[in-house]
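Engineer: the amino acid sequence is not available; the structure is as follows:
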């Protein structure tokens, strides 16, 4: 931990390895201490630069865990996880992360402009104030996400959709190559979802890699070309139409089908 | 009127008390914003209590109270940080156990050797007994706290708002938390002179709590908190001078009074305002 102090704001000395996957996991097994079974069990996958991938699966399938390992919130075992050919954590500029909304303290008093500027911190490091180039980048990101006239508002005053746009503006400002969004679509209205997909599409067409976790299977066919179905291990991986088969769907929603049946029985018994 | 205002400060001990009140008020208010917004009130209270054995040992050996308190404070900050990371027990449980235990150790040590009169100064503060050396220490702590918070302001922001993003950008929220705990230890040690171990938490919580009733902007919460803390220190000094009451208690009462007034009368959000707008 002591040496991590110097990583913050350090310039990227390890260039992406040409021809390597943006993200590669090889026999990645990871469990939380005290848990009965591992959250991720022998997961192997390759995601190439420019791909836009949906990481789907039921709750507790390990989607968020995988994202946390890539970002460095959990420690991945050695030689199991690579970002652009380098071990995770080799370059903080390259990976940008939008956490689940509940992981952010929205009541903490920061302005929209400040929150988006946080995307630039990794380029600044200790004791450095934002430069005019950072302010320009932030202003541009705010413009792209249609937040310019909210710039001086407190993040706590915004609606859920606006808050999610702030997070995406921050990602734009960070200018990363591998973009991870953990359940970004929860409780969002359709226009905001469309706006977010539009921006992700633009990022992907610039050659950036986008990985989105979601348990909402409805939006998948329209916006993603590839889906990885995760349930502790990789259940299916490929084009959306092949991944979303009756079998995988039944797995994902099996629990819900059961409760529906119970409820129906209950209704029958009631009178 | 003016003689009434100025008369107390013809005494040197009142002048020092005033300077101490202003310095401690400012220092506490700056940290208070982060204590309140990050929900660290319990940690702050615990740290004030665990500092007691350090103060008592220094007191009994005739050393500088500040040094004893500082050693205990730093150890507590590291201990709390360690517990929250490695501990098998929940953090608040661990803190609850440790802080009452160490507080008891402090009282045990003191009760064996000295009378309880000495104890009251440490427990409840004695701002009028501040020595010139204490004042220099308070000034030093104030400078360190303000400079550190200004220098690491953006790191404090990001680790409070979105610790996940901080990790993803290579900044350890734990490191920032350790730093904040150390600043907290310094501040508590400096504030113990004014209000004592038991009431320090009031100075760490109430200024920002009051200010957040009036504004949602962090710089304003800090500035307004400082104004409230200094006002309370001043008011407390006057009250203790004319009513011949304990200075620490009067300062805390003033601060609490300001909070209650603000809670009732704050424009737009106060209880009175909301009641009126409903009718």
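Structural biologist: Now that the structure is in, tell me what you want to look at. Because the structure is predicted, anything quoted here is derived from the model rather than measured.
Engineer: those residues of the stretch 51-200 of chain A touching chain B, which are they?
Structural biologist: A:71-73, A:89, A:92, A:95-97, A:99, A:103-105, A:107-111, A:114-115, A:117-118, A:121-122, A:124, A:126-127, A:154-157, A:170, A:174 (Cβ under 8 Å from any Cβ of the partner chain). (Each C-beta comes from the backbone N, C-alpha and C, glycine too.)
Engineer: drop anything exposed from those residues.
Structural biologist: Using 16 or more other Cβ atoms under 10 Å in any protein chain shown as the burial test, those include A:71-73, A:89, A:92, A:95-97, A:99, A:103-105, A:108-111, A:114-115, A:117-118, A:121-122, A:124, A:154-155, A:170, A:174 as buried.
Engineer: coming back round to it: filter the residues of the stretch 51-200 of chain A next to chain B down to the ones in helices?
Structural biologist: A:71, A:114, A:115, A:117, A:121, A:122, A:124, A:170, A:174 (DSSP state H).
Engineer: A helix includes residue A:28, no?
Structural biologist: No - under DSSP: H, G, I helix; E, B strand; the rest coil, residue A:28 falls outside any helix and is assigned strand.
Engineer: any low-confidence regions in the stretch 1-150 of chain B?
Structural biologist: Applying pLDDT under 70 to the stretch 1-150 of chain B flags the ranges B:1, B:84-88, B:114-119.
Engineer: number of nearby residues for whichever residue of it sits closest to chain A?
Structural biologist: Of all residues in the stretch 1-150 of chain B, the one sitting closest to chain A is residue B:37 (5.6 Å; Cβ to the nearest Cβ). Residue B:37 has 19 neighbours, counted by other Cβ atoms under 10 Å in any protein chain shown.
Engineer: check contacts around it.
Structural biologist: By Cβ atoms under 8 Å, 6 or more residues apart in numbering or on different chains, the contact set of residue B:37 is A:107, A:108, A:109, B:160, B:208, B:212, B:218, B:221.
Engineer: for the first one, which non-adjacent residue is closest in space?
Structural biologist: Excluding its sequence neighbours, the residue lying closest to residue A:107 (Cβ to Cβ, 6 or more residues apart in numbering or on different chains) is residue A:156, at 5.2 Å.
Engineer: neighbours around residue B:261, how many?
Structural biologist: 13.
Engineer: hmm, residue B:236 is touching residue B:21, no?
Structural biologist: Yes - counting by Cβ atoms under 8 Å, residue B:236 does reach residue B:21; the two are 7.1 Å apart.
Engineer: run the chain-centre distance for the stretch of helix or strand residue A:228 belongs to.
Structural biologist: Counting by DSSP states H and E, the element that carries residue A:228 is strand A:226-231. Offset of strand A:226-231 from its chain centre (Cα atoms, centre = their mean, to the nearest Å): 14 Å.
Engineer: direction included, what does the helix or strand just after that strand pair against?
Structural biologist: The helix or strand immediately downstream of strand A:226-231 is strand A:233-239, counting by DSSP H and E. The strands beside strand A:233-239 in its sheet (DSSP bridges) come out as strand A:226-231 (antiparallel).
Engineer: please enumerate the strands of chain A.
Structural biologist: Counting by DSSP state E, chain A has strands at residues A:23-30, A:40-47, A:52-56, A:81-83, A:86-87, A:95-98, A:178-182, A:209-214, A:226-231, A:233-239.
Engineer: winner for burial among the ones you listed?
Structural biologist: strand A:95-98 (a mean of 26; mean count of other Cβ atoms under 10 Å in any protein chain shown).
Engineer: now residue B:245: phi and psi?
Structural biologist: Dihedral pair for residue B:245: phi -110, psi 170, per degrees, to the nearest 10.
Engineer: Provide a list of residues in contact with residue B:43.
Structural biologist: Counting by Cβ under 8 Å, 6+ apart, residue B:43 has contacts B:35, B:80, B:95, B:181, B:184.
Engineer: assign the fourth one to helix, strand or coil.
Structural biologist: Same thing as residue B:181. Residue B:181 ends up helix, using three-state DSSP.
Engineer: that one against residue B:77, yeah?
Structural biologist: Yes - counting by Cβ under 8 Å, residue B:181 does reach residue B:77; the two are 3.6 Å apart.
Engineer: my guess is the residue nearest to residue A:107 meets residue B:216, correct?
Structural biologist: Yes - if you go by Cβ under 8 Å, residue A:156 and residue B:216 touch, sitting 6.9 Å apart.
Engineer: measure the most centrally placed residue in chain A to residue A:68 for me?
Structural biologist: The centre of chain A sits closest to residue A:181, judged by Cα atoms, centre = their mean, with a distance of 1.9 Å. Look at residue A:181 and residue A:68: by Cβ to Cβ, to the nearest Å, they are 13 Å apart.
Engineer: and for residue B:257?
Structural biologist: The spacing between residue B:257 and residue A:68, counted by Cβ to Cβ, is 47 Å.
Engineer: which one's more surrounded, those two?
Structural biologist: residue A:68 (24 against 13).
Engineer: sorry, back to before: between residue A:156 and residue B:216, which contacts overlap?
Structural biologist: residue A:109.
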